[in-house]
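Participant: Fold the following for me, if possible:
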Amino acid sequence: MQVAPDAWKYAAPPFLLAGPVGLLSPVATLVALGLGVAVLAFFRDPERTPSGAGVLAPADGRVSVVREEGDRVRVGVFMNVTDVHVNRAPIGGEVTSVEHEPGAHRPAFTKESDRNEKVHVRFADHDLTLIAGAFARRIHPYVDAGDRLERGERLGHIAFGSRADVLLPPSVDRSDVLVETGDRVRAGETVVVRGTTVE
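Facilitator: Residues are numbered from 1 along each chain as shown. You can find the predicted model right below:
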């Protein structure tokens, strides 16, 4: 099973504790080993293949935001603890900047999460925002300004529950969006905006 970078940093402590706690209780050893396996499963990083032309979902999970912001449209995806947390480029292009924005750690599925800690990965015509949640205190971008990404390519991950938003290019109209709030999507596979509107 392929896992995201830094996965072993989180999984190693319970695995290392499994031996010593076994002196106290065999059950404690099983719990520690189970926790280590669960952490690795959380950081799993499966291969993905885009299912068609258009803007791809940036994250696994449920669509939590579809709204117009001036002349732009935002689509956000909430990732719960059982979802894959590796994020992918919804559209190909060159990264113009990667900016960290400090903030709160509210539950990522609430409106208050708009004030949470974020990392903005900006492109010429669209932005991807990775948003920390109540338990997600680490956002790990894989890219820097000047990097060129292919559509669907990995660009970062968030440790534990979180949200990923894409602010779509100005050419995208609300009627071009193919998903609604509550729909389940898969990062790098599900098309969220019809292909004819974005190159």
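
Participant: Do a quick rundown of the helices in the protein.
Facilitator: For the chain, the helices defined by DSSP state H cover 7-21, 26-42.

Participant: Next, work out how far apart the residue nearest to the spatial centre of the chain and Arg186 are.
Facilitator: Central residue of the chain (C-alpha atoms, centre = their mean): Asn87, 3.9 Å from the mean position. Separation of Asn87 from Arg186 (C-beta to C-beta, to the nearest Å) stands at 12 Å. Just so you know, the C-beta spots here come from the backbone N, C-alpha and C atoms, and that holds for glycine as well.

Participant: so what's the residue nearest to Gly92 when sequence neighbours are not counted up against?
Facilitator: Counting by C-beta to C-beta, 6 or more residues apart in numbering, Gly92 lies nearest to Arg151, which is 4.2 Å off, once chain neighbours are set aside. Going by C-beta atoms under 8 Å, 6 or more residues apart in numbering, Arg151 touches 50, 56, 89-92.

Participant: quick one: low-confidence ranges for the protein?
Facilitator: Scanning the chain for pLDDT under 70 picks out the ranges 7, 11, 14, 22, 36, 104-113, 134-137, 161, 196-199.

Participant: State the distance from the residue with the largest distance to the centre of it to Leu17.
Facilitator: Ranked by distance from the centre of the chain (C-alpha atoms, centre = their mean), the top residue is Leu23, with 39.0 Å. Relative to Leu17, Leu23 is positioned 11 Å away (C-beta to C-beta).

Participant: likewise Arg44?
Facilitator: Distance, Arg44 to Leu17, using C-beta to C-beta: 22 Å.
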